[in-house]
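> sequence-free structure coming up:
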């Protein structure tokens, strides 16, 4: 008897310490989640900066494309002007050559006229050559004037091309600077994400710690005075919710070569359906639980515990006395199988058993 009291006291101390540790872990989780939320804000701000820089890069790229297009058009126009100048220069040279020939002929005819002073034919040829030379001179003047105008136009076009080249170089420098900034900001974002993943992993570790402690308490609560428990339901137990049985207790075949061991059963239920207690008891747990979502655990005071997981909403609190058939929560969805359903588990002396052997 004395040894039993010592064991009970020791176990009670362990439970108290475990519950205290759970509270400490919960506080740490809350602190880590606040940091995670702050990092999320930083991450959103950083992403907004990157989006703004990316928008500026896109604007610069469009501007560069437009400037390069204008530069190509101006360069093509300059090449056309240079071709016209070259052709005009050739025409001036040809007309100058012809004019020199005519002047030579006029000189020869003039010398002939001194010898044959009364020759009518010689005078006529001189007049024709003079008229022809006048036309050629006029043509050369016209071509030269056109040449000068095109030369001026070419100089202006060269200046346009030069100005566009400067603008392109300036915008390219700004573009490269923006790309560099984007790279730096993305590295900053990756660093934030790395820290964020670290906090998330830490939160998962803390939650796993809570789960292990709660399972420890749950199992030993059922075992510590097991001999006093009836391990029977005098009033019988009812289904927590009515629906298709999606997964049975034990090993379930999930694929041709894959299977899943289940400690409870999965019952299909439309999201938001009322979940009822299978029998009377006291709420031992009502909160979020690792890998079971929003969870309610009811101690039926007879060696049995019932567990109701993946709820959308809980409407009972720890320590609350529950009657059979009382609504305790509203069902949600299971993220692991991506279906609306309720996870239901029945434990006897801390160990999971097949609920179908007890449900009426």
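Yep, that arrived. Note that this is a predicted model, so its numbers are computed, not measured. Numbers count the residues shown, from 1 in each chain.
> thought residue 317 was touching residue 286?
Yes - the criterion here is CB atoms under 8 Å, and residue 317 meets it with residue 286 at 5.5 Å. Quick note: C-beta positions are derived from backbone N, CA and C, even for glycine.
> more neighbours, the two?
residue 286 (22 against 10; other CB atoms under 10 Å).
> buried sites along the helix or strand that contains that one?
In the assignment (DSSP states H and E), residue 286 maps to strand 281-289. Applying a neighbour-count criterion of 16 or more other CB atoms under 10 Å, one finds 281, 283, 284, 285, 286, 289 buried in strand 281-289.
> out of the residues you listed, flag the one nearest to residue 296.
Among the buried residues of strand 281-289, residue 286 lies closest to residue 296 (CB to CB), at 5.1 Å.
> please name the bridge partners of the closest one.
residue 296 (DSSP bridges).
> tell me who's in contact with it.
Each residue near residue 286 by CB atoms under 8 Å, 6 or more residues apart in numbering is listed here: 295, 296, 297, 314, 316, 317, 318, 320.
> in ChimeraX, how would I select the buried members of those?
The buried residues among the contacts of residue 286 can be selected in ChimeraX (16+ other CB under 10 Å) with this line:
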select :295,296,297,314,316
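> and the contacts of residue 286, which is closest to residue 251?
Using CB to CB, residue 295 comes nearest to residue 251 of the contacts of residue 286, at 22.8 Å.
> in a helix, that's where residue 279 is, yeah?
No - Residue 279 sits outside any helix when classified using DSSP: H, G, I helix; E, B strand; the rest coil, being coil.
> just use 14 as the starting number from now, easier for me
Shifting the count to begin at 14 puts that one at residue 292.
> low-confidence ranges in the stretch 264-373 of the chain?
Applying pLDDT under 70 to the stretch 264-373 of the chain flags the ranges 265-274.
> that one: strands as residue ranges?
Along the stretch 264-373 of the chain, counting by DSSP state E, counting those that start in this stretch, strands occupy 272-275, 278-281, 287-289, 294-302, 306-312, 317-327, 334-335, 340-347, 352-361, 364-366.
> show me what the fifth one is packed up against.
Applying 3 or more CB pairs under 8 Å, 6 or more residues apart in numbering; DSSP states H and E, one finds that strand 306-312 contacts strand 294-302, strand 317-327, strand 340-347.
> where does the most centrally placed residue in the chain land in three-state SS?
Nearest to the mean C-alpha position of the chain, counting by CA atoms, centre = their mean, stands residue 60 at 9.1 Å. Secondary structure, three-state DSSP: residue 60 is helix.
> distance of it from residue 106?
The gap separating residue 60 from residue 106 is 68 Å, by CB to CB, to the nearest Å.
> check residue 192 too.
On the measure of CB to CB, residue 192 and residue 106 end up 53 Å apart.
> kindly report the same for residue 307.
97 Å.
> out of these two, which sits in the more crowded spot?
The neighbour comparison of residue 307 against residue 106 (other CB under 10 Å) goes to residue 307, with 19 against 11.
> quick one: contacts for the closest residue to the more buried one other than its chain neighbours?
Excluding its sequence neighbours, the residue lying closest to residue 307 (CB to CB, 6 or more residues apart in numbering) is residue 324, at 4.2 Å. Counting by CB under 8 Å, 6+ apart, residue 324 touches 288, 306, 307, 308, 309, 342, 343, 344, 345, 355.
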